[in-house]
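[1] sequence? don't have it. structure:
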């Protein structure tokens, strides 16, 4: 009767209520069996057989609802099977009374109303979890079963039997009203929940914007300070070293060699400082987006180090959150800088792909490699910072490297369902 659930999960709190209901029902039928046996001295009467059946099914249901392994195994069929059992067994157990010779239409109607409290709970649970059409299926099923019992018992339809046949319609109408009310309430609750989520999303987006603005201002301040201090100092040091080299005599070869080495280090440090200042002031992500910004990084690194570059960038990279863009951009920047400074690579590949909700970046080179487990290497190559950036956005970072066999860095994460919300 029910084979599709709304969404992929069970509504919060529904299983707890279901377990509570089956536990109470099990206790009720057990007490009913004992009371009837004490009063009548019989253990196999029709009411007791009905109580045995209902006690057994509720006992099985209670165990079923507490068995987490079955929920993981059956997945979307787990709850429907339980609801079908809670619906079908009470209805058909009531048919046991047809074996009694004195059973007539009036008694059948009366007994069917005794099932009303038992049937109302599965109805509410179905309305809670599913759409209203499943409530209608429940009502139709229960009504058809009852009519299939009543019509042979009542016989010809006339003025006196018409009210009896109208009773199941009254109950069906009551079930429909209750189901409609519950589904409307649940739909309203879901709509309010979505509005609350969207409000939280907008608040988070606003907070991220403020944080990004504060970060941008701090980066600009640091860039100004580095330019006014470190960059000027290195430039002055290079000029002084050139002057010292110029005034040295021709017989100071060893000193000249030391000065040349110091000059090379100073110029390299000045170049790194200028690139760092450019990166601090960079607005590539804001202006170009992650895909183009990473392309520019890779082309710049290939130009500086002279390695062959293979780029593969595709997928929906336009609706990523600010934090995710920053994470992937900075890790790509760090990895490419390591290749330029340490890897001595002849070939480098960079792949940045968004596919089926997963964002993956793989940077591989054929350089000299390094010891990933080495603490010194980790500090030197910035792997700790990469891992911290990846962990901050919930991404997985995998670094593999062997000496003389190159290095591969893979960063991947599952993106939120609706990236357009820009959390």
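    All right, it came through fine. Since this is a predicted model, take the numbers as computed values, not measurements. Residues are numbered from 1 along each chain as shown.
[2] now the element after the helix or strand bottoming out on mean pLDDT in the chain, going C-ward?
    Every helix and strand of the chain was ranked by mean pLDDT, DSSP states H and E. The lowest is helix 375-381, at a mean of 50. Beyond helix 375-381 on the C-terminal side, the first helix or strand identified by DSSP states H and E is helix 383-393.
[3] can you list the domain ranges for this protein.
    By the assignment in automatic domain parsing, the chain contains the domains 14-155, 287-423.
[4] turn those into a markdown table, columns for distance to residue 204.
    From N, CA and C alone the C-beta is placed, and that goes for glycine too. Converted to a markdown table, these look like this (distance: least, CB to CB, whole Å):
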| stretch | distance to residue 204 |
| --- | --- |
| domain 14-155 | 29 |
| domain 287-423 | 5 |
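[5] output those as TSV; include the columns mean neighbour count and distance to residue 247.
    Formatted as TSV, the domains of the chain follow (neighbours: other CB atoms under 10 Å; distance: least, CB to CB, whole Å):
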stretch	mean neighbour count	distance to residue 247
domain 14-155	16	81
domain 287-423	17	33
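[6] and the ones you listed, which one's lowest on average pLDDT?
    Per-stretch mean pLDDT for the domains of the chain is lowest at domain 14-155 (a mean of 80).
[7] distance check, the closest residue to residue 151 other than its chain neighbours against residue 60.
    Among residues not flanking residue 151 along the chain, residue 165 sits closest, at 7.7 Å (CB to CB, 6 or more residues apart in numbering). Distance, residue 165 to residue 60, by CB to CB, to the nearest Å: 34 Å.
[8] circling back: need phi/psi at the residue nearest to residue 151.
    Note on residue 165: backbone dihedrals following degrees, to the nearest 10 are phi -70, psi -20.
[9] where's it relative to residue 147, distance?
    According to CB to CB, residue 165 stands 7 Å off from residue 147.
[10] which residues does the residue lying closest to residue 383 once chain neighbours are set aside contact?
    Spatial nearest neighbour of residue 383, chain neighbours left out: residue 399 (6.0 Å); criterion: CB to CB, 6+ apart. Contacts for residue 399 (CB atoms under 8 Å, 6 or more residues apart in numbering) come out as 372, 383, 386, 407, 408, 409, 410.
[11] mind putting those into CSV with secondary structure and distance to residue 214?
    Output for the contacts of residue 399, formatted as CSV (DSSP: H, G, I helix; E, B strand; the rest coil; distance: CB to CB, whole Å):
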residue, secondary structure, distance to residue 214
372, coil, 35
383, helix, 27
386, helix, 23
407, strand, 34
408, strand, 35
409, strand, 29
410, strand, 31
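[12] was I right to think residue 372 contacts residue 401?
    Yes: Residue 372 is in contact with residue 401 according to CB atoms under 8 Å; the separation is 5.3 Å.
[13] tell me which helix or strand residue 360 sits in.
    Short version, using DSSP H and E: residue 360 is in strand 358-365.
[14] what pairs with that strand, parallel or antiparallel?
    strand 347-355 (antiparallel), strand 406-414 (antiparallel) (DSSP bridges).
[15] relative to residue 172, how far out is the residue nearest to residue 151?
    As judged by CB to CB, residue 165 and residue 172 stand 12 Å apart.
[16] the two: which is more packed in?
    For residue 165 and residue 172, the more surrounded residue by other CB atoms under 10 Å is residue 172, and the numbers stand at 19 against 16.
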